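Trainee: My questions concern the predicted model and sequence given below.
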Amino acid sequence: MANQLSISDVILPNTIDLDVTGVQNKDEIFQHMVKMLYRADVIGSEREFLKAIYEREALGPTYMGDLIAIPHGKSDTVKRTGIAFCRCNESFYYSTKDGDGGDTSLVFMLAIPDQMSADDYIRILAKLARLLVYPDFISDLNRVKSYSHLIDAIKDCERLLE
């Protein structure tokens, strides 16, 4: 059941990049992260999922402040719920249609299957957003050196939410 789904269950070793360099804007990070999700077999079509991401962006900003963005999309090209995570070595400006973006260096991208209920979709997004209000968790995200360290940090913070 999706409401039982842990964030740590849907981040795979090949959907994280802890050493992103040269990103100038959100279009570049979107393309990079969509490729990661495609290679991990989370999505069936890069083009279709990128379209879903931009459709969601048109509804309102996914920039969260504090150097964090959570772009997300729901599409029938998504084979299973997945999350990609990128930590950029240098922040870049994450633009929004409303002009209320900001510098970003930590990006979580959620891939949600089209058949998932809206309630379950919001639950997953809210769970991730709740993790990101903990300053210790943000510090951990900036320090982790590997997939296993990232998963440990997520699990530790998820336990706080139980």
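Mentor: That came through fine.
Trainee: show me where pLDDT drops low in the chain?
Mentor: Judged by pLDDT under 70, the chain has its weakly predicted residues at 1-4.
Trainee: The residue nearest to the spatial centre of it and M116: what is the separation?
Mentor: Among the residues of the chain, the one closest to the centroid is F108, at 1.8 Å (C-alpha atoms, centre = their mean). Distance, F108 to M116, by C-beta to C-beta, to the nearest Å: 17 Å. C-beta: built from backbone N, CA, C; applies to glycine.
Trainee: repeat for I53
Mentor: Counting by C-beta to C-beta, the gap from I53 to M116 is 16 Å.
Trainee: okay, those two: which has more neighbours?
Mentor: I53 (24 against 17; other C-beta atoms under 10 Å).
Trainee: SS state for the residue nearest to the more buried one when sequence neighbours are not counted?
Mentor: Sequence neighbours aside, G73 is the residue nearest to I53 in space, at 4.2 Å (criterion: C-beta to C-beta, 6 or more residues apart in numbering). Of the three states, G73 takes strand under DSSP: H, G, I helix; E, B strand; the rest coil.
Trainee: beta partners for G73?
Mentor: A111 (DSSP bridges).
Trainee: Identify the residues contacting it.
Mentor: Residues near G73 by C-beta atoms under 8 Å, 6 or more residues apart in numbering: F49, A52, I53, E55, R56, L110, A111, I112.
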